[in-house]
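1. Coordinates only, no sequence provided:
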């Protein structure tokens, strides 16, 4: 028993130490985002004389609101399309025993191994030729396409685990396949939809490579690009930049902590079974 | 289910079409581009055979990038996959209470939710030599600070350390989820056989979560070779080319030097390395299953 308490002590010590390593840098960022610049340069570890919420107001007004709005729009459209197309695809693959569905699944899955960098130059050319370059569609279309493989991968294993009896009963009731999808499959698949939503939102909200190359206009750029521009524009105004970083990072963190139960439940169900 | 033969394909079509149009076709086109000299601003292109490849492999930056990407890959495998999995085992064990378990798991995952750009910018402040957090803390302990991102010997390691801070908790979460799926029956049976926690981890948890472990190593390895934002947001490959990586090199060739052919070759190289390593890992995992 004594041995067990020692183990317990070390396990907690490790977990708490790691928590400190995660939280301290973040705490320092938040602390300095509430100071004036001279205060930060004097001593970046000291507490502020008075809390400068004005940094947050400045960051928001100095252009962050526009990047924020663009990110909300791009993320919402991409996310809806990713979830719709992926769930339809996973439904088609898993619930019909259609010829060639394994092959189609493997082709889609193969997309997971293809990285954005490899497609960058041709996509740039294609978007230029079709006049889509520097529009919202220039990032939304590639986002959807690049996220379908992983999303289908997660949804497929969830859909496979749904018992067929439910569908058989629905067919007796005269449902067609689309009604079955909308009224039976979707409602019982909520956890996997939640998990896929967070995973994909994390990607889309934070994506940098495509957004940096395909969006040239400041009025269209998303938050990650905005932050880079922002830092360049503000140069020595460190504390406002820090406030901007906090504003940009908060939405997903809040969303995650609200949905973490659903998220983990969905991931557990979608994960490869051991 | 009794439906028209065509029905399932209608469900699959839109998604498959998107993947083919915006993933497969560009990747294949990229291979074609690698044999041409071409520019972003004109439609003209000249066939140059393997000349782009010759230039790529003889570029003095090539060995530096390769070394940096491999370093990033190896360290990430050790810290994120190795230590991250160990951490998942600790969180999955009975040593930590249920509520604390979820709290730690969520907390460790949190940095992965912050954008790579934001983390990159945050760490340019943390690594700042005069007022940055790291040097200030070292000062308290009487240790000497460094110009972490400005020193050509330290820059790539500072970037790698930042990534470990951000993504170890992500792998831990994925592994915790896999361990939860391991049937309690096996664990109970092993307990009855007198297997201690270490033995249970090695003989039951890890083998049964093997597939997820494979997914984690593949994600980590692919991530290491398409590394881009972390470097772009901190050093842009500098000082000199000391922290240059394939992804940033590709971007700079294409959009700073307008050398799309060279960028395409870099893309093909990333493609070959990631696909080859993924297949290799799948082979290794499968070969254990006899």
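-> Yep, it's here. Keep in mind the model is a prediction, meaning the values are calculated, not measured.
2. Report the central residue of the chain.
-> You didn't pick a chain, so chain A it is. In chain A, the C-alpha nearest the mean C-alpha coordinate belongs to residue A:202, at 1.3 Å (CA atoms, centre = their mean).
3. that's the other chain; I wanted chain B
-> Short answer for chain B (CA atoms, centre = their mean): residue B:223, at 2.2 Å.
4. what kind of secondary structure is that residue in?
-> Following DSSP: H, G, I helix; E, B strand; the rest coil, we place residue B:223 in the helix state.
5. my read: it touches residue B:76, true?
-> Yes - between residue B:223 and residue B:76 there is a contact at 7.3 Å, judged by CB atoms under 8 Å. No exception for glycine: its C-beta is placed from N, CA and C like everyone else's.
6. sorry, back to before: so the residue nearest to the centre of chain A versus residue A:256, what's the distance?
-> Distance, residue A:202 to residue A:256, using CB to CB, to the nearest Å: 8 Å.
7. Please enumerate the shared neighbours of those two.
-> Taking CB atoms under 8 Å, 6 or more residues apart in numbering or on different chains as the criterion, residue A:202 and residue A:256 both touch residue B:113.
8. follow-up on the earlier one: show me what counts as buried in the helix or strand the residue nearest to the centre of chain A falls within.
-> Per DSSP states H and E, residue A:202 falls inside helix A:190-206. Within helix A:190-206, the residues scored as buried using 16 or more other CB atoms under 10 Å in any protein chain shown are A:191-206.
9. where does whichever residue of the stretch 51-200 of chain B sits closest to chain A fall, phi/psi-wise?
-> Nearest residue of the stretch 51-200 of chain B to chain A (CB to the nearest CB) works out as residue B:115 at 3.4 Å. Dihedral pair for residue B:115: phi -70, psi 150, per degrees, to the nearest 10.
10. Please tell me how far the closest residue to it other than its chain neighbours sits from residue B:242.
-> Distance criterion CB to CB, 6 or more residues apart in numbering or on different chains; nearest residue to residue B:115, sequence neighbours excluded, is residue A:206 at 3.4 Å. Residue A:206 is 26 Å from residue B:242, where distance means CB to CB.
11. Now residue B:173: closest residue in space, sequence neighbours ignored.
-> Closest residue in space to residue B:173, ignoring its immediate chain neighbours: residue B:109 at 4.7 Å, by CB to CB, 6+ apart.
12. can you tell me which residues contact that neighbour?
-> Counting by CB under 8 Å, 6+ apart, residue B:109 has contacts A:256, B:169, B:170, B:172, B:173.
13. same for the helix or strand where the fourth one lies, what does it pack against?
-> The reference is to residue B:172. Under the criterion of DSSP H and E, residue B:172 resides in helix B:155-180. Under the contact definition 3 or more CB pairs under 8 Å, 6 or more residues apart in numbering or on different chains; DSSP states H and E, helix B:155-180 sits against helix A:2-33, helix A:238-270, helix B:61-76, helix B:84-92, helix B:98-109, helix B:116-126, helix B:210-225, helix B:229-234.
14. Return the set of buried residues in the helix or strand that that helix is followed by.
-> Remark: after helix B:155-180, the chain's next helix or strand is helix B:184-192, criterion DSSP H and E. Buried residues in helix B:184-192, counting neighbours by 16+ other CB under 10 Å, are found at B:186, B:187, B:190.
15. burial of residue 104, as a residue count?
-> No chain in the question, so chain A it is. Other residues within reach of residue A:104, judged by other CB atoms under 10 Å in any protein chain shown, total 22.
16. could you do chain B instead?
-> 25.
17. Check the one 4 residues further on too.
-> Residues lying near residue B:108 (other CB under 10 Å) number 25.
18. Without its sequence neighbours, what residue ends up closest to it?
-> For residue B:108, the spatially nearest residue (CB to CB, 6+ apart) is residue B:169, at 2.9 Å.
19. what about residue A:77, how many residues close to it?
-> With other CB under 10 Å as criterion, residue A:77 counts 17.
20. give me the element it is part of.
-> helix A:65-94.
21. give me the low-pLDDT residue ranges for the chain?
-> By default, I'm working from chain A. For chain A, the stretches flagged by pLDDT under 70 are A:1, A:270-274.
22. that's the other chain; I wanted chain B
-> For chain B, the stretches with pLDDT under 70 are B:1-3, B:287-290.
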